[in-house]
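> coordinates only, no sequence provided:
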């Protein structure tokens, strides 16, 4: 038998003994994943040398994290997010050719059936917050505009909440919309300046962040999923570079190339034309470059 | 800010960016544990390169494992057991001096208030199974007998079940007892030959074992906790070397030094003296050597 040939389990041979048991695994991919998981887990235990209490604390942390998960709350995804694992998986699965816009995490607040809007529509249905106009182009890596690109955008409001977190307070589908470009690849819409917000921090992951001296905030951003025939779908954000948390996003979603410019524009005539409350507004211009499908 | 100095998160700098956030952790031990956990986790992800589906499958496995845990069932401990982590933590925390008996995992079936027995008592209260007599000495590393050593023993029955798993079927405290040695350091008691049994395999861990082509069985064993003033407490098993699963314990608890001899003894006179049903019985003689407290 495999384990016997290798001898019984010891501190020294622990990795080989455990992975040696998987000779008859369902498939090679699972076997190779479990080989890496077991090896890295044992390496970690050998380096940490946990006390029995520390081991039990880890067991209870995982148990509490599991118990926090329900239909609406996914505490293990949150754990993956704050440990940078979600961003790493995103990075590995979305290596883009030079010149294409970079991806970042989807996040938990996307809604599949957001309403289709016309270019220029105001997606802020309750008109709360500081008015903002967002525009730009969807381009290929040669700089040509992409016709019929579909832009699914969503964002938090001026207090840092998504509509789905404030049902009955915000209108349904507030600050969401799906836009379709024409031949010029241009898009534009009206909205409000988003605010930073905390990830849910009332569970085990929030306690962990606090013990690590970390805050739970994500800097203000807009979410995008951009699709076009013949191109890789791009799931990304744009961020406000002046946000207080721009250098310490709790889920590590910020990339240099995703920093947009949020320009405070004083222009009474344009503000009036946009039907904005004040004589000034925020202006964001950002192009997205899609990679061609392989 | 820490994260800014190091730049935003990328595949290349992911470990430094995430661990760099823990500068203000509650204490140095937690900080150093999280440094290792994060580093090994990212190393694993980079080596595996999971697809987004594989990542999500892992999230759901952990979630299901958490949901399986309740007052009676600890699926994360089971996961730790079958990945060899529990044995590794045991090994690290119980490095014994040369000549002392080795430890192994406690397991989930210890009961704190087992009855105190007299030497020679039969701990098998329902007399089901093949009779067995167990004896030996509790010694120090110089070979001297230890007076007033307390031996807490428990085992599964001839069908592989502990009393606590079969309340109402087995008598309470069946196959459990606490013995105290005299000056000769000797112990002996009567019992039945234990049988191999599966760890609970109706949950996510059982499904994982099955996907890995692994069986869920533990080879037949007796559990011991042996305490004596001035000595390190020893938590261990002895195993039946002829058990079909002796080389493939699902939780990796077997060590060479824990193999006992289960001798089938034909001796009508002794069998009668022991009040056994048959003219033969199993005989196990095993000494335990305790390490002095540091």
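On my side now, so go ahead. These numbers come from a predicted model, not from an experiment.

> show me what contacts the residue in the stretch 101-250 of chain A that chain B sits nearest to?
Residue of the stretch 101-250 of chain A nearest chain B, by C-beta to the nearest C-beta: residue A:213 (2.9 Å). Any C-beta I mention is one placed from the backbone N, CA and C, and that applies to glycine too. Listed by C-beta atoms under 8 Å, 6 or more residues apart in numbering or on different chains, the contact partners of residue A:213 are B:22, B:23, B:24, B:25, B:26.

> ditto for residue A:200
Residues near residue A:200 by C-beta under 8 Å, 6+ apart: A:73, A:78, A:206.

> re earlier: how about the secondary structure of the residue of the stretch 101-250 of chain A closest to chain B?
Three-state call for residue A:213 (DSSP: H, G, I helix; E, B strand; the rest coil): coil.

> and residue A:118, how many neighbours?
A count of nearby residues for residue A:118, using other C-beta atoms under 10 Å in any protein chain shown, gives 9.

> residue contacts, it?
Residue A:118 makes contact with residue A:179, according to C-beta under 8 Å, 6+ apart.

> wait, a helix at it?
No. Checked against three-state DSSP, residue A:118 lies outside a helix; its state is coil.

> would you tell me whether the helix ranked longest in chain A gets close to chain B?
Secondary structure of chain A per DSSP state H: the longest helix is helix A:28-48. Yes. Judged by C-beta under 8 Å from any C-beta of the partner chain, helix A:28-48 comes into contact with chain B at A:30-34, A:36-38, A:40-48.

> in PyMOL, select just the buried ones from those.
In PyMOL syntax, the buried subset of these is picked out as below (16 or more other C-beta atoms under 10 Å in any protein chain shown):
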select buried, chain A and resi 30+31+33+34+36+37+38+40+41+42+43+44+45+46+48
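
> can you state the direction angle for the longest helix of chain A and helix B:28-48?
Taking axes from the mean of the first three to the mean of the last three C-alpha atoms, to 10 degrees, one finds helix A:28-48 and helix B:28-48 inclined to each other by 160 degrees.

> which one of the contacts of residue A:213 is nearest to chain A?
Distances from chain A to the contacts of residue A:213, taken by C-beta to the nearest C-beta, are shortest for residue B:24, at 2.9 Å.

> next, count neighbours for the closest one.
Other residues near residue B:24 number 10, with proximity taken as other C-beta under 10 Å.

> now it: closest residue in space, sequence neighbours ignored.
The shortest distance from residue B:24 to any non-neighbouring residue, by C-beta to C-beta, 6 or more residues apart in numbering or on different chains, is to residue A:213 (2.9 Å).

> so who does the residue of the stretch 51-200 of chain A found nearest chain B touch?
For the stretch 51-200 of chain A and chain B, the shortest gap (C-beta to the nearest C-beta) falls at residue A:66, measuring 0.9 Å. Contacts for residue A:66 (C-beta under 8 Å, 6+ apart) come out as A:75, A:76, B:62, B:63, B:64, B:65, B:66, B:67, B:69, B:76.

> do the same with residue A:109
Contacts for residue A:109 (C-beta under 8 Å, 6+ apart) come out as A:154, A:156, A:162, A:164, A:165, A:223.

> can you put these in a markdown table and add distance to residue A:264, secondary structure and pLDDT?
Output for those, formatted as a markdown table (distance: C-beta to C-beta, whole Å; DSSP: H, G, I helix; E, B strand; the rest coil; pLDDT from 0 to 100):
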| residue | distance to residue A:264 | secondary structure | pLDDT |
| --- | --- | --- | --- |
| A:154 | 23 | strand | 98 |
| A:156 | 19 | coil | 96 |
| A:162 | 24 | coil | 95 |
| A:164 | 29 | helix | 92 |
| A:165 | 27 | helix | 91 |
| A:223 | 22 | strand | 98 |
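
> and these, which two are the farthest apart?
A:165 and A:223 (14.0 Å; C-beta to C-beta).

> quick one, which of the two is more surrounded?
The neighbour comparison of residue A:165 against residue A:223 (other C-beta under 10 Å) goes to residue A:223, with 24 against 16.

> beta-bridge partners for the closest residue to that one other than its chain neighbours, please?
Excluding its sequence neighbours, the residue lying closest to residue A:223 (C-beta to C-beta, 6+ apart) is residue A:154, at 4.9 Å. Applying DSSP bridges to residue A:154 yields these beta-bridge partners: residue A:176, residue A:223.

> ok, how many other residues are close to residue A:154?
25.

> is it in contact with residue A:113, as I believe?
No. With contact defined as C-beta atoms under 8 Å, residue A:154 does not reach residue A:113; the gap is 11.9 Å.

> which positions in stretch A:231-241 come out as buried?
For stretch A:231-241, the neighbour count (16+ other C-beta under 10 Å) marks A:231, A:232, A:234, A:235, A:236, A:237, A:238, A:239, A:240, A:241 as buried.

> now the strands for the stretch 151-294 of chain A?
Along the stretch 151-294 of chain A, the stretches classed as strands by DSSP state E, counting those that start in this stretch are A:176-180, A:186-192, A:197-198, A:217-218, A:221-227, A:234-239, A:262-266, A:280-285, A:288-290.

> any chance of JSON lines for those, columns distance to residue B:121?
What follows is these, written out as JSON lines (distance: least, C-beta to C-beta, whole Å):
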{"stretch": "strand A:176-180", "distance to residue B:121": "73"}
{"stretch": "strand A:186-192", "distance to residue B:121": "79"}
{"stretch": "strand A:197-198", "distance to residue B:121": "61"}
{"stretch": "strand A:217-218", "distance to residue B:121": "64"}
{"stretch": "strand A:221-227", "distance to residue B:121": "70"}
{"stretch": "strand A:234-239", "distance to residue B:121": "68"}
{"stretch": "strand A:262-266", "distance to residue B:121": "80"}
{"stretch": "strand A:280-285", "distance to residue B:121": "82"}
{"stretch": "strand A:288-290", "distance to residue B:121": "79"}
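
> nearest to residue B:276, of the ones you listed?
Ranking these by proximity to residue B:276 (C-beta to C-beta) places strand A:197-198 first, at 68.5 Å.

> now the contacts of residue A:213: which count as buried?
B:22, B:25.

> identify the farthest-apart pair in the contacts of residue A:213.
Greatest spacing in the contacts of residue A:213, by C-beta to C-beta: B:23 and B:26 (11.8 Å).

> which residues does residue A:75 contact?
When contacts are counted by C-beta under 8 Å, 6+ apart, residue A:75 touches A:65, A:66, A:68, A:69, A:203, A:204, A:205.
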